[in-house]
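>>> Sequence and predicted model, in that order:
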Amino acid sequence: MVRRTGAATREEIRSAATRLFHEKGYSRTSVRDIAALAEINPALVIRHFGSKEMLFLDTMRLTVDDDPLLDVPPAEFGERFVERLLADDDMRGVYLALVRGSGEPQIKGRLRAIHEHTLVVPVRSRLTGPDADLRARLAAAVVGGLFHALWVVGDAELLAADPKDLVTRYGAVLQRLITPA
């Protein structure tokens, strides 16, 4: 095994864990698997992170840079939001890893927080009216449904669809929810 500094060891553990959590999910990744990929003793994983769950929470983060959405006209927001979410390379892997691990209370909490901050808040911040919060939450649920169909279920028809067509059609559905009637 290679001898490293504490910081280098932590980074190797993070890197190995991120890769394995993305590939295999939380439950099918063991501390031994992580240690083997990082070429360290399994005890070091626990020493540096406390538990597999804490390491998972440390590595599985998801944020969306919504700066490109700030100047989007309200009537185009639905389509641009869906386009932005589907273009994020990390979105699928992190989302699936969190869903697979959502039986663990802390991971479920992280999934809930990501739902709130990545899907609800960016939409809510652009809405007005007495039902703005409800509309933002419905829009987030619709986007979550798309993620589920594409990545959890693996709907072959949706996966084979033209990505631009998906963005246009799903964006229109989202737009109907966020534009007051």
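Yep, that arrived.
>>> Only C-alpha atoms from now on, for both contacts and neighbour counts.
Fine.
>>> just the helices in the protein please.
6-24, 31-38, 42-49, 52-59, 77-87, 91-100, 105-114, 121-124, 132-147, 156-160, 163-178 (DSSP state H).
>>> Out of these, name the one with the poorest average pLDDT.
The minimum mean pLDDT among the helices of the chain belongs to helix 91-100 (a mean of 80).
>>> now the angle between helix 132-147 and it, please.
In this structure, helix 91-100 runs at an angle of 100 degrees to helix 132-147, with axes from the mean of the first three to the mean of the last three Cα atoms, to 10 degrees as the basis.
>>> As PDB, could you dump the C-alpha coordinates of helix 91-100?
Below are the C-alpha coordinates for helix 91-100, written out as PDB (Å, rounded to 0.1, in the frame of the first residue of the first chain):
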ATOM      1  CA  MET A  91     -27.000  15.200 -12.100                       C
ATOM      2  CA  ARG A  92     -27.800  11.600 -13.100                       C
ATOM      3  CA  GLY A  93     -25.000   9.900 -11.100                       C
ATOM      4  CA  VAL A  94     -25.600  11.900  -7.900                       C
ATOM      5  CA  TYR A  95     -29.400  11.600  -8.200                       C
ATOM      6  CA  LEU A  96     -29.200   7.800  -8.700                       C
ATOM      7  CA  ALA A  97     -26.700   7.400  -5.900                       C
ATOM      8  CA  LEU A  98     -29.000   9.400  -3.500                       C
ATOM      9  CA  VAL A  99     -32.100   7.500  -4.600                       C
ATOM     10  CA  ARG A 100     -30.400   4.100  -4.100                       C
END
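>>> Thanks a lot, catch you later.
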